[in-house]
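Q: Below is the sequence, then the predicted model.
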Amino acid sequence: MKTIQLAPNLYEGGEGSFSTLIKDNGSVGWQHCRDEFHNKHWTYKRDGNCHGFIYRLIANQNINDIAKIVSEIENNLKLKSAQKCEFSLTQFKNIVYCNPNWWHDPVRHTLLTSIIKGAINTNTVEGVKGSKYLMNTKTAFDRFLDGNCHYQGNFFEGWVKTMSVSPEKLGKKPNQDPVVQIQYYHFWPIHVEYLC
């Protein structure tokens, strides 16, 4: 796993926090709540000012375990190398960088952050499926693992909130998944998911 250098004045957020990484490898502030992170991240993404995100590991988390889980999912979905998520170490002991690539679709992105936060003391897909972030969305997660990776609904409020009640809204195989233009200001309403 490669190491990237972040801006030297970057302060470390709390455990389990995310931050958008902007062009100078600086951060725009940490969010512990995944939904708050997504709302802010998509503003920077829409404006073309970000190229990934950073994450502060939680105690008992290991980046190699997270990468193994994500890689297992990607291999199961038969993603091409260029589509796969890239994790990198940084000069900060507990901060890792993520270039989501294919996962940068808003719906997949919320699942990715659920997987990342849920990968505590596990390095298996089954283990993360039982985490507090995914336990109420097992049907949707199984549909996703079967290749139904495109959200077909009109309104999405984050993986946990939407997929716990509407798993049937996932459809289409990834090789048929067109590039979708999304109006982020409409797609990402400000809301609270309660499970950050």
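A: Perfect, thanks for sending it.
Q: so where do the strands sit in the chain?
A: Using DSSP state E, the strands of the chain run over residues 3-4, 18-22, 50-56, 86-90, 95-99, 150-151, 170-171.
Q: Would you mind saying which of these lies nearest residue 120?
A: strand 50-56 (12.8 Å; CB to CB). (Glycine included, C-beta is placed from N, CA and C.)
Q: in its sheet, what does the closest one sit against?
A: strand 18-22 (antiparallel), strand 95-99 (antiparallel) (DSSP bridges).
Q: For the residue lying closest to residue 79 once chain neighbours are set aside, give me the pLDDT.
A: Using CB to CB, 6 or more residues apart in numbering and skipping residues adjacent in sequence, the residue nearest residue 79 is residue 102, 5.8 Å away. On the pLDDT scale, residue 102 is placed at 90.
Q: how about residue 102, what does it touch?
A: Going by CB atoms under 8 Å, 6 or more residues apart in numbering, residue 102 touches 74, 79, 83-85, 108, 174.
Q: which stretch among the strands paired with strand 50-56 comes nearest residue 132?
A: Minimum separation from residue 132 across those (CB to CB) falls at strand 18-22, 16.7 Å.
Q: before we move on, the earlier item: could you flag which of the contacts of residue 102 are buried?
A: 74, 79, 84-85, 108, 174 (16 or more other CB atoms under 10 Å).
Q: Out of those, flag the one nearest to residue 58.
A: Out of these, the member with the shortest distance to residue 58 (by CB to CB) is residue 85, at 18.5 Å.
Q: wait, isn't the closest one in contact with residue 104?
A: No - judged on CB atoms under 8 Å, residue 85 makes no contact with residue 104 at a distance of 9.2 Å.
Q: my guess is residue 129 contacts residue 136, does it?
A: No - using CB under 8 Å, residue 129 makes no contact with residue 136, being 10.9 Å away.
Q: And for the closest residue to residue 166 other than its chain neighbours, the neighbour number?
A: Excluding the flanking residues, the one nearest residue 166 by CB to CB, 6+ apart is residue 153, at 6.3 Å. By other CB atoms under 10 Å, the residues close to residue 153 number 13.
Q: Give the full set of residues in contact with residue 153.
A: Counting by CB under 8 Å, 6+ apart, residue 153 has contacts 162, 166, 169.
Q: which stretches of this protein form helices?
A: Remark: helices assigned in the chain by DSSP state H are 34-46, 63-76, 106-118, 125-129, 138-145, 159-163, 184-187.
Q: Fine by me, thanks again.
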